[in-house]
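S.K.: Give me the fold of what follows.
(one chain, ligands or ions: 1)
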Amino acid sequence: MNAATETTVLSDADKKARFNFNKLTKWLRHAVGDAINDFNMIEPGDRVMVCLSGGKDSYTMLDILLGLQQSAPIDFSIVAVNLDQKQPGFPGHVLPQYLSSLGVEYRIVEEDTYSIVKRVVPEGKTTCGLCSRLRRGILYRVADELGATKIALGHHREDILETLFLNMFHGGKLKAMPPKLVSDDGRHVVIRPLAYCREKDIARYAVARAFPIIPCNLCGSQPNLQRQVIGEMIADWDKRFPGRIESMFRALRNVVPSHLADPALYDFVNARADGVARADGDKAFDRENFAEPGRINILASRPDDDDGCGAP
Ligand code: SF4
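M.R.: Numbers count the residues shown, from 1 in each chain. So this is what the prediction gives:
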């Protein structure tokens, strides 16, 4: 291959990479925009506190929200917040450098929850429960200090489904992770703008944007094994049964209380035949018709799954 031909080939590859990256960006922006609209996550005048851990999800959330802020028909402000929990080896300079380079308002909160957790939790026991509770309290306090009206967390579609299965398998509850909800102290609104985004799209975006990722295992805690097992189960289904994950997520948005078994959600006790036809009534002997697998999508077009995207 001569030099001229090689230049042309590289140029085509760059073009394809740019095209794929633009498509991926467009898709993620649409998915975030749709979630924001569907759940009225951000309203005019909101001050959104974007919680940054240094992982791919929170970097992507901030990046997409900053992009949407430019084009949104409403005014809202963003303040990025990172909690430096003083885990050994935490590279405290990475996020301030990155956020300064963006010119975004930010606050780094330094609280040594690591020492507290190590002191209180017996050796060998998982530290994540106490650590998360401490983190939550601190972030709520910081939201008040900053006058934030919304607290944005970087959970995505797979996190939501994992939580659903964790609750079903281990908690005896049909409960996932809501895209928007008032916090447990009743004083804040928590939003999850990545709720419709696929984890693999976020991962590709993070690589393409070359975010300075901070590893999440600095505290030396055991990963949540149950969540990990469920995550692998979902990833395996996604590979083997195209459309299954989309269908499961759609199910979360399409609940039929009369066909579950919770008397608090549906008044089974007073169910009487009154001669009135109802769409959610029992079809008793009919078999359910299901769409072809792979043809159910929560939202229309998706980016390709190839890994050819590169930074523009
Ligand atoms: S992995 Fe470490 S930092 Fe993360 S929640 Fe668990 S204890 Fe806290």
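S.K.: and the longest strand along the chain, what other elements does it pack with?
M.R.: Ranked by number of residues, the top strand in the chain under DSSP state E is strand 77-84. Here strand 77-84 touches strand 47-51, helix 56-71, strand 106-110, helix 128-146, going by 3 or more Cβ pairs under 8 Å, 6 or more residues apart in numbering; DSSP states H and E. Where you see a C-beta, it was placed from the backbone N, CA and C, and this is true even at glycine.
S.K.: right, so those: which one is the most enclosed?
M.R.: With neighbours taken as mean count of other Cβ atoms under 10 Å, these reach their highest mean count in strand 47-51, at a mean of 22.
S.K.: what about that strand, near the ligand?
M.R.: No - applying Cβ under 6 Å from any ligand atom, one finds strand 47-51 separated from the ligand by no less than 12.9 Å.
S.K.: Pull the residues that contact that strand.
M.R.: Residues from elsewhere that reach strand 47-51 (Cβ atoms under 8 Å, 6 or more residues apart in numbering): 42, 58, 61-62, 65, 76-83, 139, 142-143, 146-154, 191.
S.K.: same question for that strand, mean pLDDT?
M.R.: Confidence for strand 47-51, expressed as mean pLDDT, is 98.
S.K.: Using PDB, list the CA coordinates for it.
M.R.: Extracted in PDB, the C-alpha atoms of strand 47-51 (Å, rounded to 0.1, in the frame of the first residue of the first chain):
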ATOM      1  CA  ARG A  47     -30.300  24.600  40.000                       C
ATOM      2  CA  VAL A  48     -29.200  21.100  39.300                       C
ATOM      3  CA  MET A  49     -26.600  19.600  41.500                       C
ATOM      4  CA  VAL A  50     -24.800  17.000  39.400                       C
ATOM      5  CA  CYS A  51     -23.100  14.300  41.600                       C
END
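S.K.: roughly how far out does that strand sit from the chain middle?
M.R.: How far strand 47-51 lies from its chain's middle: 15 Å, per Cα atoms, centre = their mean, to the nearest Å.
S.K.: quick one: secondary structure of the residue of the stretch 151-300 of the chain found nearest the ligand?
M.R.: Residue of the stretch 151-300 of the chain nearest the ligand, by Cβ to the nearest ligand atom: Cys219 (3.2 Å). Following DSSP: H, G, I helix; E, B strand; the rest coil, we place Cys219 in the coil state.
S.K.: Report how many residues lie close to the nearest residue to it once chain neighbours are set aside.
M.R.: Spatially, and ignoring its direct neighbours in sequence, Cys219 is nearest to Gln87 (4.5 Å; Cβ to Cβ, 6 or more residues apart in numbering). Residues within reach of Gln87, counting by other Cβ atoms under 10 Å, total 21.
S.K.: Contacts only, for Asp280.
M.R.: Asp280 sits next to 256, 258-259 when contact means Cβ under 8 Å, 6+ apart.
S.K.: what's it sitting at in phi/psi?
M.R.: Taking degrees, to the nearest 10, you get phi -100, psi 20 for the backbone angles of Asp280.
S.K.: And Gln97, by the same measure?
M.R.: According to degrees, to the nearest 10, Gln97 has phi -60, psi -50.
S.K.: Quick check: which ranges of the protein have low pLDDT?
M.R.: Along the chain, the model assigns pLDDT under 70 to residues 1-9, 218, 220-223, 291-312.
S.K.: what residues does it put near the ligand?
M.R.: Near the ligand, the residues belonging to the chain are 85, 127-128, 131-132, 219, 221 when assessed by Cβ under 6 Å from any ligand atom.
S.K.: Apply 8 Å and report the result again.
M.R.: Residues of the chain lying near the ligand by Cβ under 8 Å from any ligand atom: 85, 87, 113-114, 117, 126-128, 130-132, 135, 216-221, 223-224.
S.K.: which of those are buried?
M.R.: Buried members of those, scored by 16 or more other Cβ atoms under 10 Å, are 85, 87, 113-114, 117, 127-128, 131, 135, 218-219, 221.
S.K.: Between all of these, which two are at the greatest distance?
M.R.: The most widely separated members of those, counting by Cβ to Cβ, are Arg135 and Leu218 (14.0 Å).
S.K.: Which stretches in the stretch 101-250 of the chain count as strands?
M.R.: Ranges of strands in the stretch 101-250 of the chain, per DSSP state E, counting those that start in this stretch, are 106-110, 150-152, 180-182, 189-191.
S.K.: Mind listing what's buried along the third one?
M.R.: Which is strand 180-182. By neighbour count with 16+ other Cβ under 10 Å, strand 180-182 contains the buried residues Lys180.
S.K.: Show which residues not belonging to it make contact with it.
M.R.: So strand 180-182 is contacted by 39-41, 188-192 (Cβ under 8 Å, 6+ apart).
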